[in-house]
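Enquirer: just to be clear, the model below is a prediction. Sequence and coordinates:
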Amino acid sequence: MKPSVRPEVSKGNQAVSGEWPLWEVFVRSKAGLDHKHCGSLHAPDAKAAIQLARDVYTRRQEGTSIWVVKSDQITASDPGDKDMYFDPMADKVYRHPTFYELPESVNHM
Amino acid sequence: MYTQAMDTAPKEERSSLEDAALQQRFDARIDAGDFIEAKDWMPEHYRKTLVRQISQHAHSEIVGMLPEGNWITRAPTLKRKAILLAKVQDEGGHGLYLYAAAETLGTSRDQMIGALHSGKAKYSSIFNYPTLAWADVGVIGWLVDGAAIMNQVPLCRCSYAPYARAMVRVCREESFHQRQGFDALYVMMTQGTPAQRAMVQGAVNRWWWPSLMMFGPPDAESPNSAQSMRWGIKRNSNDELRQKFVDACVDQAKVLGVTLPDPELKWNEQRGHHDFGAIDWAEFWRVVGGDGPCNRERLAARVGAWEEGAWVREAAMAHERKRALKEKAA
Amino acid sequence: MTQSIVIKPNADAQYVLRLADTCLIWSHRLSEWCGHAPVLEEDIALANQALDLLGQARALLTRAGQIDGQGFDEDQLAYLRDEGDFVNVTLAELPNGMNGQRDFAFTVLRNFVLSSWALLIWQHLASSRNTELAAIAGKAAKEARYHREHAADWVIRLGDGSDESARRMAAALERLWPTTHELFDSDEVDHAAASSGLGPAWSVLREAWLADVEAVFVEATLALPPKSAYRSEAKRGVHTEHMGRLLAEMQTLQRSYPGGMW
């Protein structure tokens, strides 16, 4: 039995090497006027993200349009009062670990 | 039910005094029934509990694909094959929505999968039982999905909004899961052959008690439930849900014409509920602890799929890096 | 044991059954990935394709049963015919991988090669003199277009991905290529269909298919294997060793529960 494959550490934006980036999915249904956020998924590239969004998020309803955006490209507004808030301003929408670039020496966390 | 062992885990350290004001504010929001979003301040214990619960819920969906998936290639009609394939696919989708919800709390899909594969993270113990006959597929739809639905509907109002939203999506899709299982059994029991009826009864005999165990240990042995309930992560107690489940199933079993394998099962006029026999908690803890009939196979299947697929995931990223470089150079 | 059924030797029914059985068996192979794919998103995508193909198979089997005229339905045709009466193309029945493993490279290559072929057939069949068949083809063409695109993207990603993926794709292509000739061999069934207007002889699809496949292979940096003199014949009822095992698994419940209702 092969030993478990552990995700490798690497430089740059992918804190966990080989992990497909996270994309947010927005779908406008046939009856709708606006794209609505449905959730997220992992995909290697934009084209795959669109196809997989269609396969994962529009299986039952007829979507007419899909937008995908890499999650780390979304900027979110400040959620609440300043005194509740320690994190940097204009932060990412998620707490996802790969959004935060760390110095290489501690990049394994 | 996705944290069957968590209720008995030791309590974690309270946060520092500095957080006291934030904690008060947070508690007030919870008590007012507000939703907590991904970037809102939250106690570390709340965040950790949610990551555990949501990820273990996701793992349960993914591992749950395996016992029923076992019968896709042997489905007895093309209609049943299509239904089963769609159902198992839905379970994969539910796992995906839940992993996505958990990722908003600071973990990644790969980290969660790593925890599952190393044995650190758990999944619902029910999926460690084998599907030995086609009728098992119907019984899983009836009993196991039935139990899951009882647990899932209240979660649509859970305090953590990304989890609640994922659960709304899940519940919308779940409606056909239990119905298709019950329908498959109903056809076999009312129109099928004696051999088919025996197959159904055999499946019920094997899955009844493990289904009751899905709801977790008795309330008296689940001290940490209280905190989860305060936070709106857990809405009903284990015993409450289990009782509700038993009561519903007794009537459904009558419609099917099957016998539930519990000689002590009977209506209690005073309580207004059905009394039922003692659950073998030793078996439950054994299975939760890794020593059930299929634990090793289930994990091996998931680890195998992951390891055998590593080259695919890596190649996709390698291709994308090449493409991005070409684009830059152009 | 439930008895097998036998269909009458009718060229029209045979023509439709070749398509029905190809979709049925191809769908079956894809469904084997459920719960085991390299990534969750792709697990869902493959199941979608399997469901689309199963839907096509059911419609086509029903049509074939009507043409045959003995009152057989989709389930009797799928579960009670013997191996020699199945007329899918060989490529559909090959297992996903060798030695009991699942091979994603082989699966995406097969998906691309067969979807490209299927799309061409459906496009031709949209003008079949048989209106039901034309309607089935109209819907199937939309599905095949998506299957083809998704698979082509994977062929390119893996053909031109890492050294390892390139190696695996080349090996898979070696295994697959000799069975592609069968997709364009025409025999008396094709000639009858072509002259009656039921559908095109498969030979007319070759040029367009090859152009499509070659273009994608260039982008995927995949070399075409050398021509092979081998001619596979599953569509004439002469199968590989794999078909017997596949059918044994697929048909087991109907065979062992005579009179069963499901």
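Expert: Yes, it's here.
Enquirer: so where's chain B uncertain?
Expert: B:3-18 (pLDDT under 70).
Enquirer: regarding it, what is its longest helix?
Expert: Ranked by residue count and defined by DSSP state H, the top helix of chain B is helix B:161-191.
Enquirer: and that one, anywhere near chain C?
Expert: Yes. Residues of helix B:161-191 are located near chain C by C-beta under 8 Å from any C-beta of the partner chain, namely B:184, B:187-188, B:191. For the C-beta atoms, the positions are set from N, CA and C on the backbone; glycine is no exception.
Enquirer: any of the residues you listed buried? List them.
Expert: Neighbour-count burial (16 or more other C-beta atoms under 10 Å in any protein chain shown) applied to the residues of helix B:161-191 next to chain C gives B:184, B:187-188.
Enquirer: closest to chain C among those residues?
Expert: Distances from these to chain C were compared by C-beta to the nearest C-beta; the smallest belongs to B:V187, at 5.5 Å.
Enquirer: can you pull the contacts of that closest one?
Expert: C:261-262 (C-beta atoms under 8 Å, 6 or more residues apart in numbering or on different chains).
Enquirer: run the last query once more with 6 Å
Expert: C:M261 (C-beta atoms under 6 Å, 6 or more residues apart in numbering or on different chains).
Enquirer: do the same with C:V16
Expert: Taking C-beta under 6 Å, 6+ apart, one finds C:60, C:63-64 in contact with C:V16.
Enquirer: if we use 7 Å, what do you get?
Expert: C:60, C:63-64, C:67, C:133 (C-beta atoms under 7 Å, 6 or more residues apart in numbering or on different chains).
Enquirer: and what of C:D12?
Expert: Contacts of C:D12 by C-beta under 7 Å, 6+ apart are C:67, C:198.
Enquirer: cutoff 8 Å now
Expert: C:67, C:130, C:192-193, C:196, C:198.
Enquirer: and what about it, helix, strand or coil?
Expert: Put simply, C:D12 is helix when judged by DSSP: H, G, I helix; E, B strand; the rest coil.
Enquirer: any chance of the backbone angles for A:A31?
Expert: Main-chain dihedrals, A:A31, degrees, to the nearest 10: phi -80, psi -10.
Enquirer: ok, it - how many residues close by?
Expert: Using other C-beta atoms under 10 Å in any protein chain shown, A:A31 has 8 neighbouring residues.
Enquirer: how about the one 5 residues further on?
Expert: Close neighbours of A:K36, defined as other C-beta under 10 Å, add up to 11.
Enquirer: give the contact list for it.
Expert: Contacts of A:K36 (C-beta under 8 Å, 6+ apart): A:26-29.
Enquirer: could you do B:A147 as well?
Expert: B:1, B:126, B:211, B:214-215, B:241, B:245.
Enquirer: so it, which of the three states?
Expert: Looking at B:A147 with three-state DSSP, the answer is helix.
Enquirer: contacts only, for the residue nearest to B:V258 when sequence neighbours are not counted.
Expert: Distances taken as C-beta to C-beta, 6 or more residues apart in numbering or on different chains place B:V204 nearest to B:V258, at 4.9 Å, with adjacent residues excluded. Neighbour list for B:V204: B:139, B:143, B:253, B:258-261 [criterion: C-beta under 8 Å, 6+ apart].
Enquirer: just flag the most distant two among those residues.
Expert: B:L143 and B:T259 (13.9 Å; C-beta to C-beta).
Enquirer: these two: who's more crowded?
Expert: B:L143 (28 against 14).
Enquirer: any idea how far that one is from B:V288?
Expert: The gap separating B:L143 from B:V288 is 18 Å, by C-beta to C-beta, to the nearest Å.
Enquirer: can you name the residue of the stretch 151-262 of chain C nearest to chain A?
Expert: C:D153 (6.2 Å).
Enquirer: burial of that residue, as a residue count?
Expert: 21.
Enquirer: quick check: buried residues in the longest helix of chain B?
Expert: Result for helix B:161-191 [16+ other C-beta under 10 Å]: buried residues B:161-167, B:169-170, B:173-174, B:177-178, B:180-189.
Enquirer: neighbour-wise, which of the contacts of C:D12 leads?
Expert: C:A193 leads the contacts of C:D12 on contacts (other C-beta under 10 Å) with 25 neighbours.
Enquirer: host element of it?
Expert: Here C:A193 sits within helix C:188-196, counting by DSSP states H and E.
Enquirer: in PDB, list the C-alpha atoms belonging to that helix.
Expert: What follows is helix C:188-196, C-alpha atoms only, in PDB (Å, rounded to 0.1, in the frame of the first residue of the first chain):
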ATOM      1  CA  GLU C 188     -25.500  -4.400 -45.100                       C
ATOM      2  CA  VAL C 189     -27.300  -2.800 -42.100                       C
ATOM      3  CA  ASP C 190     -25.800   0.600 -43.000                       C
ATOM      4  CA  HIS C 191     -26.600   0.200 -46.700                       C
ATOM      5  CA  ALA C 192     -30.200  -0.600 -45.900                       C
ATOM      6  CA  ALA C 193     -30.500   2.400 -43.600                       C
ATOM      7  CA  ALA C 194     -28.900   4.700 -46.100                       C
ATOM      8  CA  SER C 195     -31.100   3.600 -49.000                       C
ATOM      9  CA  SER C 196     -34.300   3.700 -46.900                       C
END
